[in-house]
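Asks: Could you work out the structure for the sequence below:
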Amino acid sequence: MKVTDICRDKGITTAAFYSWKRKYGGMDAQQLKELKSLQEENQRLKQMYADLSLDHRILKDIIEKKL
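Replies: Residues are numbered from 1 along each chain as shown. Next up is the predicted model:
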(Lines give C-alpha, C1' and ligand atoms only; values in the text may rest on other atoms or scores of the structure.)
Protein backbone atom coordinates (compact mmCIF):
# COMPACT_ATOMS: atom_id res chain seq x y z
CA MET A 1 0.00 0.00 0.00
CA LYS A 2 1.07 3.55 -0.56
CA VAL A 3 1.69 5.82 2.39
CA THR A 4 -1.10 8.15 1.31
CA ASP A 5 -3.56 5.23 1.23
CA ILE A 6 -2.51 4.10 4.72
CA CYS A 7 -2.86 7.64 6.06
CA ARG A 8 -6.29 8.07 4.50
CA ASP A 9 -7.40 4.69 5.89
CA LYS A 10 -6.20 5.52 9.41
CA GLY A 11 -7.29 9.17 9.29
CA ILE A 12 -3.87 10.71 9.89
CA THR A 13 -1.69 13.10 7.93
CA THR A 14 1.38 11.98 6.04
CA ALA A 15 3.46 14.30 8.25
CA ALA A 16 2.22 12.42 11.34
CA PHE A 17 2.99 9.10 9.64
CA TYR A 18 6.58 10.07 8.90
CA SER A 19 7.02 11.61 12.34
CA TRP A 20 5.87 8.38 14.01
CA LYS A 21 7.99 6.34 11.60
CA ARG A 22 11.08 8.39 12.53
CA LYS A 23 10.28 8.10 16.24
CA TYR A 24 9.22 4.43 16.45
CA GLY A 25 10.53 2.94 13.20
CA GLY A 26 13.50 1.02 14.64
CA MET A 27 11.62 -0.49 17.60
CA ASP A 28 10.17 -3.95 17.86
CA ALA A 29 6.93 -4.81 19.67
CA GLN A 30 8.63 -5.51 23.02
CA GLN A 31 10.42 -2.17 22.98
CA LEU A 32 7.18 -0.35 22.18
CA LYS A 33 5.43 -2.07 25.10
CA GLU A 34 8.27 -1.11 27.43
CA LEU A 35 8.21 2.49 26.19
CA LYS A 36 4.46 2.73 26.74
CA SER A 37 4.84 1.23 30.21
CA LEU A 38 7.57 3.72 31.11
CA GLN A 39 5.49 6.62 29.81
CA GLU A 40 2.51 5.52 31.91
CA GLU A 41 4.70 5.18 35.00
CA ASN A 42 6.20 8.60 34.35
CA GLN A 43 2.70 10.11 34.09
CA ARG A 44 1.66 8.48 37.39
CA LEU A 45 4.80 9.79 39.11
CA LYS A 46 4.21 13.29 37.78
CA GLN A 47 0.64 13.18 39.09
CA MET A 48 1.85 11.94 42.49
CA TYR A 49 4.39 14.76 42.65
CA ALA A 50 1.72 17.33 41.75
CA ASP A 51 -0.61 15.99 44.45
CA LEU A 52 2.13 15.98 47.10
CA SER A 53 3.27 19.44 46.10
CA LEU A 54 -0.29 20.75 46.47
CA ASP A 55 -0.66 19.04 49.87
CA HIS A 56 2.64 20.57 50.97
CA ARG A 57 1.52 24.04 49.88
CA ILE A 58 -1.81 23.69 51.71
CA LEU A 59 -0.14 22.52 54.93
CA LYS A 60 2.43 25.29 54.70
CA ASP A 61 -0.35 27.89 54.31
CA ILE A 62 -2.20 26.45 57.32
CA ILE A 63 0.92 26.60 59.50
CA GLU A 64 1.63 30.19 58.45
CA LYS A 65 -1.95 31.25 59.31
CA LYS A 66 -1.71 29.68 62.80
CA LEU A 67 1.57 31.44 63.58
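
Asks: the longest helix in this structure is where?
Replies: helix 29-66 (DSSP state H).

Asks: Go ahead and flag the most central residue of this structure.
Replies: Gln39 (5.3 Å; C-alpha atoms, centre = their mean).

Asks: Distance of that one relative to Asp55?
Replies: As for Gln39, its distance to Asp55 is 25 Å (criterion: C-beta to C-beta, to the nearest Å). Placement of C-beta: from N, CA and C, glycine included.

Asks: now do Met1
Replies: Distance from Met1 to Asp55, by C-beta to C-beta: 52 Å.

Asks: Could you give the backbone dihedrals for Met27?
Replies: Met27 adopts backbone torsions of phi -100, psi 150, taken as degrees, to the nearest 10.

Asks: What is the neighbour count of it?
Replies: If you count neighbours by other C-beta atoms under 10 Å, Met27 ends up with 12.

Asks: Which residue comes closest to it once chain neighbours are left out?
Replies: Leu35 (7.1 Å; C-beta to C-beta, 6 or more residues apart in numbering).

Asks: Would you check that the one you found makes contact with Asp28?
Replies: No - contact criterion C-beta atoms under 8 Å: Leu35 and Asp28 do not qualify, at 10.9 Å.

Asks: out of those two, which sits in the busier spot?
Replies: Comparing Leu35 with Asp28 by other C-beta under 10 Å, the one with more neighbours is Leu35, at 13 against 7.

Asks: what pLDDT does the more buried one get?
Replies: Predicted confidence (pLDDT) for Leu35: 95.

Asks: And it, how far from Lys21?
Replies: For Leu35, the distance to Lys21 - C-beta to C-beta - is 15 Å.
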